[in-house]
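Student: Dropping the sequence and predicted coords here.
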Amino acid sequence: MRIRFTKMQGAGNDFVVLDETRGRLGLTPAQYRLIADRHFGVGADQILTVRPSPGAGIDFEYVIHNADGGEVEQCGNGARCFARYVRDKGLTDRDVVRVRTLSGVIEPRLNADGRVTVDMGPPVFELAQVPFDARGIEPAMEGGWETWPLALAGGTTVQVAVLSMGNPHAVQLVDDVDAAPVREQGPQVEHHARFPRRVNAGYLQVQDCSHARLRVWERGAGETLACGTGACAAVVAGIRLGRLDARVDVQTHGGVLTIEWDGRGPVFMTGPAVTVFEGELEIPDAP
Ligand SMILES: N[C@H](CCC[C@H](N)C(=O)O)C(=O)O
């Protein structure tokens with residue numbers, strides 16, 4: 001089958017965007033994997049699909065698949081690109097759109113300076129909703145919040161802050177992200193048995209109360225140049241651990257994301273959203 005796509009990136013986190021507003025493509029996990037493959041397909045960290053409004057008060061449905069073909073609940077950098085896409089394609093004339101994802105409704109807003117701000121909704125701390133299995137372990141208290149010990153290979157134990165932005169996150173505080181063992185340790189955290197739906201592994205370096213650096217080993221995609229929900233989760237963790245203020249510029253390998261959280265309401269993320277190219281791809285029909 002031949003599909004038309006748009007390649008986009010948000011702070012270097014890259015996406016293939018598919019338009020299903022006029023009908024479903026009916027892609028399988030294997031076909032999503034092929035599209036995301038950087039040698040045999042287009043190449044992307046995630047595939048974002050635009051679907052028509054599911055109901056009153058909602059403009060679009062926003063469907064997200066990781067490069068491994070699995071559908072997931074949320075993608076922050078993708079939400080900014082989604083808003084840019086539907087505006088540029090004339091699918092809406094609004095600068096603020098309400099889109100439904102598996103984890104709920106989020107609200108991206110196109111700003112005059114070309115960046116996009118997204119109301120990502122509130123963080124979730126109930127362990128069962130992350131989900132995280134804390135049976136048999138005790139948390140350590142840091143700055144008034146708990147971090148949990150994860151036993152890794154070779155007798156290593158790391159302390160992680162555990163929370164959800166609709167998708168699961170395990171955040172470690174590190175002194176230097178460049179020295180953090182993201183590629184060696186990230187897969188162990190991602191697949192740790194205490195995360196029954198796997199997890200995104202964040203490595204947060206606090207520079208001062210309003211500046212931080214972040215690397216993320218993403219569930220289903222590996223290390224990406226930036227992770228929007230990961231930046232939200234990391235800043236929320238840093239605030240709750242008493243290390244960050246309510247507005248933080250997060251430096252990732254792909255660019256800067258600005259995260260704001262007042263300590264109880266929704267998390268706001270602001271960053272770039274760029275169209276790279278348009279194309280067509282021939283992929284084998286599903287078996
Ligand atoms: N890998 C994530 C989905 C994409 C999140 C990331 N690209 C973002 O910008 O939030 C997960 O499996 O939950």
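Tutor: Cool, the structure landed. Numbering: from 1, shown residues only.
Student: tell me the pLDDT at the residue nearest to Arg243 when sequence neighbours are not counted?
Tutor: Leaving aside its sequence neighbours, Arg243 sits nearest to Val206 (CB to CB, 6 or more residues apart in numbering; 4.7 Å). C-beta: built from backbone N, CA, C; applies to glycine. Looking at Val206, its pLDDT reads 98.
Student: Secondary structure of Val206: a helix, I assume?
Tutor: No: under DSSP: H, G, I helix; E, B strand; the rest coil, Val206 sits outside any helix and is assigned strand.
Student: give me every residue that touches it.
Tutor: Leu173, Ala212, Gly238, Arg243, Leu244 (CB atoms under 8 Å, 6 or more residues apart in numbering).
Student: for the residues you listed, which one is nearest Val182?
Tutor: Val182 lies nearest to Leu173 out of those, by CB to CB, at 13.9 Å.
Student: For Val250, see how far away the residue nearest to the closest one when sequence neighbours are not counted is.
Tutor: The spatially closest residue to Leu173, leaving aside those adjacent along the chain, is Leu204, at 5.6 Å (CB to CB, 6+ apart). Distance, Leu204 to Val250, using CB to CB, to the nearest Å: 8 Å.
Student: Distance from the helix or strand containing Val50 to the middle of the chain?
Tutor: Assigned by DSSP states H and E, Val50 belongs to strand 46-52. Centroid separation for strand 46-52 versus its chain: 14 Å, with CA atoms, centre = their mean, to the nearest Å.
Student: partners of that strand in the sheet?
Tutor: strand 13-19 (parallel), strand 60-66 (antiparallel) (DSSP bridges).
Student: Just say which of those is most tucked in.
Tutor: strand 13-19 (a mean of 25; mean count of other CB atoms under 10 Å).
Student: same question for the helix or strand following that strand, mean pLDDT?
Tutor: Downstream of strand 13-19, the next assigned helix or strand under DSSP H and E is helix 29-36. The pLDDT scores in helix 29-36 average 98.
Student: Count the residues that sit near Asn167.
Tutor: 27 (other CB atoms under 10 Å).
Student: What ranges does the stretch 101-250 of the chain have for its strands?
Tutor: Taking DSSP state E, counting those that start in this stretch, the strands of the stretch 101-250 of the chain run over residues 104-110, 116-119, 140-142, 145-151, 157-164, 168-173, 200-208, 211-218, 222-224, 247-252.
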